[in-house]
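A.B. asks: sequence plus the predicted model coming up.
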Amino acid sequence: MTPTLRILRPDDWHLHLRDGAHMAAVLPFTVQRFARAVVMPNLEPPLTTTAALGEYRARILAAVPAGLRFEPLMTLYLTDRTSAQEIRRARASGFVVGAKLYPAGATTHSDAGVTSVEHIWPALEAMADTGMVLQVHGEVTETAVDVFDREQEFIERVLSRIIERVPGLRVVFEHITTREAVQFVRAARAGVAATVTPQHLLLNRNAIFAGGIRPHLYCLPVLKREHDRTALVEAVTSDDSRFFLGTDSAPHAVQAKETSCGCAGIFSAHAALELYAEAFEQAGRLDRLQAFASERGPDFYALPRNTATLTLRREPWTVPQRYPFGLDEIVPMRGGAQVNWRLDHA
């Protein structure tokens, strides 16, 4: 008999959907697996107002395949000029759950991000007052700082200050990648949590250079050392409720990745839950997948857990080399190779 795993329907607490035809191409993968997702606002132009987020949310809902249900949870793009009034307006909307801190220049479409935390204290205070979550891309951007050390430097220079100065603020340290980040979250005050991606649980930085440069495994924060990967696995498969699922699935057209200056981002939405199941199975902790994928995120965001369930079957399948992406194509994580778990559509 084929082994199966039945869990409460999960949510994705960090997702990139893009827009237009690109969004329509990738959204079905997420909708098949997740009931809700926190959708990132780093479009061009970035979504810096509640009104813009409302329009984007409507486009997402219009693209949900017929017969399926999905709730996009929206995130405001913080800039140096984000006002406390805009924070309150976003929170009052009922569909904005957080605001995203992108250090300017840290990743894709982050040029309009925050240049210094000194500019956003009023916005952060308003977030604490209204119960809005701060979602953080945790890297410094100075060229003098080694790319593998930028997360740790951000903890020391920025994140620790935010957590201390605004004690009522709930903070999600997104897509953490290092042993130091795990240790920081575990030692932090209440109201601090972290998301972890499938690629950072399954791969270390050697994967980027296996047999040559692998541009489709380049993401930010970049993959780290093996001891960092094992620390992440230990954290997510433990009983610690501070760590939960956020894929950071980030689709880019093939030509945007396979170029002299390729974009950062790994597309994993096509098999996200299945890849997490692999990581938990390798750790011998499949029994903890539901807590990580379906329970801790809603609890942190003060939202109800989903009541519906889905089933995974341990049945290997080969991921297509490419998927359509509007008029373009994308190369998915594990493209052309095998995934050991399959979503049961029965």
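C.D. replies: Sure, I can see it.

A.B. asks: which residue ranges of the protein form helices?
C.D. replies: 20-33, 50-63, 84-92, 121-130, 150-154, 160-165, 179-187, 198-202, 226-236, 254-257, 272-282, 289-290, 296-300 (DSSP state H).

A.B. asks: please name the nearest non-neighbouring residue to residue 169.
C.D. replies: Excluding its sequence neighbours, the residue lying closest to residue 169 (Cβ to Cβ, 6 or more residues apart in numbering) is residue 128, at 4.1 Å. For glycine as for every other residue, the C-beta is placed from the backbone atoms N, C-alpha and C.

A.B. asks: likewise residue 179?
C.D. replies: Leaving aside its sequence neighbours, residue 179 is closest to residue 231 (3.9 Å, by Cβ to Cβ, 6+ apart).

A.B. asks: could you pull up the contacting residues of the closest residue to residue 84 other than its chain neighbours?
C.D. replies: Nearest residue to residue 84, sequence neighbours excluded (Cβ to Cβ, 6+ apart): residue 126, at 3.7 Å. By Cβ atoms under 8 Å, 6 or more residues apart in numbering, residue 126 lies in contact with 84, 87-88, 132.

A.B. asks: can you tell me which of those residues is closest to residue 69?
C.D. replies: residue 132 (24.7 Å; Cβ to Cβ).

A.B. asks: for that closest one, give me phi and psi.
C.D. replies: With angles defined as degrees, to the nearest 10, residue 132 sits at phi -80, psi 140.

A.B. asks: for the nearest residue to it once chain neighbours are set aside, give me its contacts.
C.D. replies: The shortest distance from residue 132 to any non-neighbouring residue, by Cβ to Cβ, 6+ apart, is to residue 91 (5.0 Å). By Cβ under 8 Å, 6+ apart, the contact set of residue 91 is 127, 130-132.

A.B. asks: so where's the protein uncertain?
C.D. replies: 1, 109, 346 (pLDDT under 70).

A.B. asks: thinking again about what came up before, got CSV for the helices of the chain, with distance to residue 112 too?
C.D. replies: Formatted as CSV, those follow (distance: least, Cβ to Cβ, whole Å):
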stretch, distance to residue 112
helix 20-33, 20
helix 50-63, 13
helix 84-92, 14
helix 121-130, 15
helix 150-154, 19
helix 160-165, 20
helix 179-187, 25
helix 198-202, 26
helix 226-236, 30
helix 254-257, 19
helix 272-282, 28
helix 289-290, 37
helix 296-300, 27
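
A.B. asks: wait, which of the ones you listed is closest to residue 73?
C.D. replies: helix 50-63 (9.0 Å).

A.B. asks: for the closest one, packing partners?
C.D. replies: Other helices and strands packing on helix 50-63, by 3 or more Cβ pairs under 8 Å, 6 or more residues apart in numbering; DSSP states H and E, are helix 20-33, strand 36-39, strand 71-77, helix 84-92.

A.B. asks: off-centre distance for the second one?
C.D. replies: To tie it back to what came earlier, the one meant is strand 36-39. 9 Å (Cα atoms, centre = their mean, to the nearest Å).

A.B. asks: direction included, what does that strand pair against?
C.D. replies: Strand pairing for strand 36-39, using DSSP bridges, gives strand 12-15 (parallel), strand 71-77 (parallel).

A.B. asks: deepest of those strands, which one?
C.D. replies: Across these, the average number of neighbours (mean count of other Cβ atoms under 10 Å) peaks for strand 12-15, which reaches a mean of 27.

A.B. asks: CA atoms only for it, dumped as CSV, please.
C.D. replies: Listed next in CSV are the C-alpha coordinates belonging to strand 12-15 (Å, rounded to 0.1, in the frame of the first residue of the first chain):
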residue,chain,number,x,y,z
ASP,A,12,2.1,29.8,2.5
TRP,A,13,3.2,32.7,4.6
HIS,A,14,5.6,34.1,1.9
LEU,A,15,4.8,34.0,-1.8
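
A.B. asks: who touches it?
C.D. replies: 30, 33-34, 36-40, 135, 172, 174-175, 195, 197, 244-249, 269, 272, 297, 301.

A.B. asks: wait, residue 255 sits on residue 328?
C.D. replies: Yes - contact criterion Cβ atoms under 8 Å: residue 255 and residue 328 qualify, at 7.1 Å.

A.B. asks: between the two, who's got more neighbours?
C.D. replies: residue 328 (16 against 11; other Cβ atoms under 10 Å).

A.B. asks: in contact with that one, which residues?
C.D. replies: Residue 328 touches 22, 253-255, counting by Cβ under 8 Å, 6+ apart.
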